[in-house]
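Model the following, please.
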Amino acid sequence: HGMASDISINLEAQEDGVRVLTMDKPPINALGRELVEALLASLTKLTTDREARCLVVRSAGSHFCAGADLKERRGMNLDQVRAFVPQLAAVCLAVAKLPIPTIAAVRGTAAGGGCELALACDLRVLADDARIGLRETALAILPGAGGTCRLPRIAGLAVAKRWIFTAQMFTAEDARRDGVADAVVPGDRLDGHALELARTIAANGPVAVRLAKKAIDGGFDLAIDDALALEWSCYEGVLGTSDREEALAAFAEKRPPRFSGR
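Modelled structure (predicted):
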């Protein structure tokens, strides 16, 4: 079991707090039991990584993730499906709940659960030849790993309904027009662009960035007064930090700040 995890998921720590999670289960990173377990294990490890500042979720091979393993699904009875789909949802929830910003670097196909995994990230960078969509209703099911909840929050209700009701696959340009893709870049620049974005984020005050994510995600569904109160309580979390003093000192001394995450 431990070895299976090592084969299908690689979690790499780069300098400056950037972390890269690579799915590597050829040919299409289908979300079967093995990949789902390996993903959950890696994400659990990340929750205790105090030095982590930003995560890139990417794939080896030519596809981000083509969704559920339908061969495996065909062999499951209803009770097994009832047990498995929430595990898939738990992977997406674990990504969404990470305290650090997350970037999906999407190449090839991101369909169904693979699209939901990308939607669970904070930002999405797509290769210009990528295809993305929620195919579920064409398979007589519906998104069950957050697609019906996260897509409207990212792109609005009408876009989410069009994507989910038509079950179409969209081009990277479509996805950018619809507000799902934050950037579209040539395929050979995808990893470089995602890493550059991750390093830009990781260079900022780590405590501040985590608290900003908490304020944005936590405040989104609150009434405005409650959201503003949450923002202020998050702001109070940076007031005692040495990073805040370092930022002011660096400004005065006209030099780049050196943040410690304290």
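
buried sites along the helix or strand hosting Ala158?
For Ala158, the host element (DSSP states H and E) is helix 157-166. Buried residues in helix 157-166, counted by 16 or more other CB atoms under 10 Å: 159-160, 163-164. C-betas here are computed from N, CA, C, even on glycine.

With pLDDT as new columns, can these be given to me in CSV?
Shown next, in CSV, are the buried residues of helix 157-166 (pLDDT from 0 to 100):
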residue, pLDDT
Val159, 98
Ala160, 98
Trp163, 98
Ile164, 98
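
Export those as a markdown table, with columns for distance to Ala215.
Formatted as a markdown table, these follow (distance: CB to CB, whole Å):
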| residue | distance to Ala215 |
| --- | --- |
| Val159 | 25 |
| Ala160 | 24 |
| Trp163 | 28 |
| Ile164 | 29 |
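
which residues are in contact with the longest helix along the chain?
If you go by DSSP state H, the chain has its longest helix at helix 78-97. Contacts to helix 78-97, defined as CB atoms under 8 Å, 6 or more residues apart in numbering, come from residues 31, 33, 36, 39-40, 43-44, 47, 57, 68, 73, 76, 102, 113, 116-117, 119-121, 144-146, 150, 217.

and after it, which helix or strand comes next?
Next along the chain after helix 78-97, taking DSSP H and E as the criterion, comes strand 102-106.

Do a quick rundown of the strands in the stretch 151-262 of the chain.
Taking DSSP state E, counting those that start in this stretch, the strands of the stretch 151-262 of the chain run over residues 170-171, 183-185.

Keeping just the C-alphas, turn the one helix or strand Leu126 maps to into PDB.
Using DSSP H and E, Leu126 maps to strand 123-127. This file holds the C-alpha atoms of strand 123-127, laid out as PDB (Å, rounded to 0.1, in the frame of the first residue of the first chain):
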ATOM      1  CA  LEU A 123      -6.300  29.200  -9.000                       C
ATOM      2  CA  ARG A 124      -6.300  27.400 -12.300                       C
ATOM      3  CA  VAL A 125      -3.600  27.700 -15.000                       C
ATOM      4  CA  LEU A 126      -4.500  25.800 -18.200                       C
ATOM      5  CA  ALA A 127      -2.300  24.700 -21.200                       C
END
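
for that strand, packing partners?
Helices and strands touching strand 123-127, by 3 or more CB pairs under 8 Å, 6 or more residues apart in numbering; DSSP states H and E, are strand 102-106, helix 172-177, strand 183-185, helix 190-202.

was I right about Ala155 contacting Asp178?
Yes: taking contacts as CB atoms under 8 Å, Ala155 lies within contact range of Asp178: 5.4 Å.

Identify the contacts common to those two.
Shared contacts of Ala155 and Asp178, defined by CB under 8 Å, 6+ apart, comprise Trp163.

Identify the residues contacting the strand holding Leu126?
Residues outside strand 123-127 that contact it (CB under 8 Å, 6+ apart): 101-108, 118, 132, 172, 175-176, 180-187, 190, 193-194, 197.

Please determine how far Leu21 is located from Asp221.
27 Å (CB to CB, to the nearest Å).

and if you look at Gly146?
Taking CB to CB, one finds Gly146 at 14 Å from Asp221.

Which one's more surrounded, the two?
More crowded of Gly146 and Asp221, by other CB atoms under 10 Å: Gly146, with 21 against 9.

Just put the strands of the stretch 151-262 of the chain in TSV and tack on distance to Asp243 and mean pLDDT.
Listed next are these as TSV, based on distance: least, CB to CB, whole Å; pLDDT from 0 to 100:
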stretch	distance to Asp243	mean pLDDT
strand 170-171	40	98
strand 183-185	28	98
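
Columns mean neighbour count and distance to Glu12 on top of the ones you listed, output as a markdown table?
Shown next, in a markdown table, are the strands of the stretch 151-262 of the chain (neighbours: other CB atoms under 10 Å; distance: least, CB to CB, whole Å):
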| stretch | mean neighbour count | distance to Glu12 |
| --- | --- | --- |
| strand 170-171 | 20 | 30 |
| strand 183-185 | 19 | 21 |
